[in-house]
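Chemist: Output the structure for:
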Amino acid sequence: MEILSTGEKIKRARVYQGITLKELCGNKVSISKMSCIENGKIKADKDILEYIADKLDLDYEYLVRDVKEQIITNLELINKDLVPDEEMDKVINHNLNYALEYSYNNLAFELIHKLFSYYVKKNKVENIQLIISQYYDLYQKNNTFDNTITYYIDMATFFYSIKDLNEAINYYDRARNLLKSEKGFSKSNYAYICYREGKSYEKMGLLEETYKTLKEALKYIDHISDSLEKGDIYHCFATVCIKLKKEDAEKYLNLAYQHKKSNPTMLAISKGKNSKSYFYVGNREKAIEEIKEGIEIFPTEDEAKYVRFLNSCIRTLYENKEYDIAYEITDRALNSAINSKDIVLIEESYYLKGMILQKKGMYVQAEMYMNLSLDSLFKFANREKRRERYLDMGEMYYKLGEVKDSLKYFTLAMKLEK
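Modeler: As a prediction, this is how the structure comes out:
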């Protein structure tokens, strides 16, 4: 996806073929003019380009295809997901640099939007911080209605990803208010923005605001074509209805299930989320029932996904002090984690089993699994993760009555904190 100006194409072909400027020019063009053409200082006339194409045996259409056209073609490939993921960063930056150099600001804005979205998806916060001011500058130079909506949503998505929920809400709110101010606005886009804003309120625990914002999304949900996206919105509304003890919670759960029934993974994840809402309102029996149903539904072909789901269920049960039921699931999660050969999942499964064994008063067994967890953790974890684990180990040894070991791990945790 290399980009070359017409002059660069001429020079590269000439040098590759071992032809001098004088030989290329002949009696047709002066050497000084040809040098200026190669260096991009002047544009060649059509008859000169036809002459050069013939002399260097180049395709004329290739020769006259300018930088802008090449960027547009490359953008189409990016939009169609035809660029390998491992090359995406390099390809977008390469095209962005040319767009900036040639002052194609509209193309530069679209490229930096793609780059920003890619970094958010990959959770590359440092990369985002390096381009965020440049993104704002390009947005200011291309301050159209559509670009403003795009910019607001990108900023909201970024702040949501780093859990700066107030800023996320601010940008989502600005985007949906601007969108709705336009006659004939995109109803599907509006519904989706309302949904994301509602999710932000939900994560902040502001249930009434969540309910109100998601209800706004439901007004336009029929304009969304993707069934699973509809199911997500219905399900999010249903869970907040459960927490607020609204009578129509069951109605929206059924609507969510109708849209997710073809995808057992999504259906099982919904069950897992339901359990959190039922625990929230004190309906422990229903919460446990939802977790058990979710585990039975979840496909086991993808071991990694299966383990992540099991561990999320174990955490929900652990947080709600249902240690016996959580313990029943731990062996299944650990065996699947080992089969997946994913060290992160193996470590998490060891850790959860150790924590539950502690709560059940089985400290000797808990020590074994916590040590296995710690051994695995050192293969990938950052300082903060290790510090948290040292604190857990210190607490465990304190309860075991092993003061020396307890002090050792608490000391290690304090050293990492410094």
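
Chemist: which stretch of helix or strand covers residue 166?
Modeler: According to DSSP states H and E, residue 166 maps onto helix 165-180.

Chemist: And for that helix, what's in contact with it?
Modeler: Helix 165-180 is contacted from outside by 145, 148-149, 152-153, 155-157, 159-160, 185-186, 189-190, 193-194, 196-197, 200-201, 203-204, using C-beta atoms under 8 Å, 6 or more residues apart in numbering. For every residue, glycine as well, the C-beta is placed using N, CA and C.

Chemist: buried subset of the residues you listed?
Modeler: For the contacts of helix 165-180, a neighbour count by 16 or more other C-beta atoms under 10 Å gives the buried set as 148-149, 152-153, 155-157, 159-160, 185-186, 189-190, 193-194, 196-197, 200-201.

Chemist: Return the subset of these lying in strands.
Modeler: Among the buried ones among the contacts of helix 165-180, no member is found in strands (DSSP state E).

Chemist: before we move on, the earlier item: in the helix holding residue 166, which residues are buried?
Modeler: For helix 165-180, the buried set under the neighbour-count rule, 16+ other C-beta under 10 Å, comprises 165, 167, 168, 169, 170, 171, 172, 173, 174, 175, 176, 179.

Chemist: For that helix, give the mean pLDDT please.
Modeler: The pLDDT scores in helix 165-180 average 96.

Chemist: quick one: that helix to chain centroid distance?
Modeler: In terms of C-alpha atoms, centre = their mean, to the nearest Å, the centre of helix 165-180 is found 19 Å from the chain centre.

Chemist: Tell me how far the residue nearest to residue 34 when sequence neighbours are not counted lies from residue 286.
Modeler: Nearest non-adjacent residue to residue 34, counting by C-beta to C-beta, 6 or more residues apart in numbering: residue 25, 5.0 Å away. Separation of residue 25 from residue 286 (C-beta to C-beta, to the nearest Å) stands at 85 Å.

Chemist: Neighbour count for these two, which is higher?
Modeler: Using other C-beta atoms under 10 Å as the criterion, residue 25 and residue 286 rank with residue 25 on top: 19 against 16.

Chemist: so how far is residue 41 from that one?
Modeler: 16 Å.

Chemist: per-residue confidence for the nearest residue to residue 64 once chain neighbours are set aside?
Modeler: Leaving aside its chain neighbours, residue 64 sits nearest to residue 49 (5.9 Å; criterion: C-beta to C-beta, 6+ apart). With respect to pLDDT, residue 49 scores 85.

Chemist: what's the helix or strand for residue 49?
Modeler: Counting by DSSP H and E, residue 49 is part of helix 46-56.

Chemist: cool, residue 355 as well?
Modeler: Assigned by DSSP H and E, residue 355 falls in helix 343-359.

Chemist: hmm, who's touching that helix?
Modeler: Taking C-beta under 8 Å, 6+ apart as the rule, helix 343-359 contacts 304, 307-308, 311, 314-315, 318, 321, 323, 326-327, 330-331, 333-334, 337-338, 340, 363, 365-370, 372-373, 376-377, 379-381, 389, 392, 396, 399.

Chemist: ok, now stretch 280-290?
Modeler: 242-243, 245, 271-272, 274-279, 316-317, 320, 322, 325.

Chemist: Just the CA atoms of stretch 285-299, as CSV, please.
Modeler: Extracted C-alpha coordinates of stretch 285-299, given in CSV (Å, rounded to 0.1, in the frame of the first residue of the first chain):
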residue,chain,number,x,y,z
GLU,A,285,-32.6,-18.0,44.4
LYS,A,286,-33.4,-16.4,41.0
ALA,A,287,-29.8,-15.1,40.7
ILE,A,288,-28.3,-18.6,41.2
GLU,A,289,-30.8,-20.1,38.8
GLU,A,290,-29.8,-17.7,36.1
ILE,A,291,-26.1,-18.5,36.6
LYS,A,292,-26.8,-22.3,36.4
GLU,A,293,-28.9,-21.8,33.2
GLY,A,294,-26.2,-19.7,31.6
ILE,A,295,-23.5,-22.3,32.3
GLU,A,296,-25.7,-25.0,30.7
ILE,A,297,-26.3,-22.9,27.6
PHE,A,298,-22.8,-21.6,27.0
PRO,A,299,-21.0,-23.5,24.2
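
Chemist: Sounds good, over and out.
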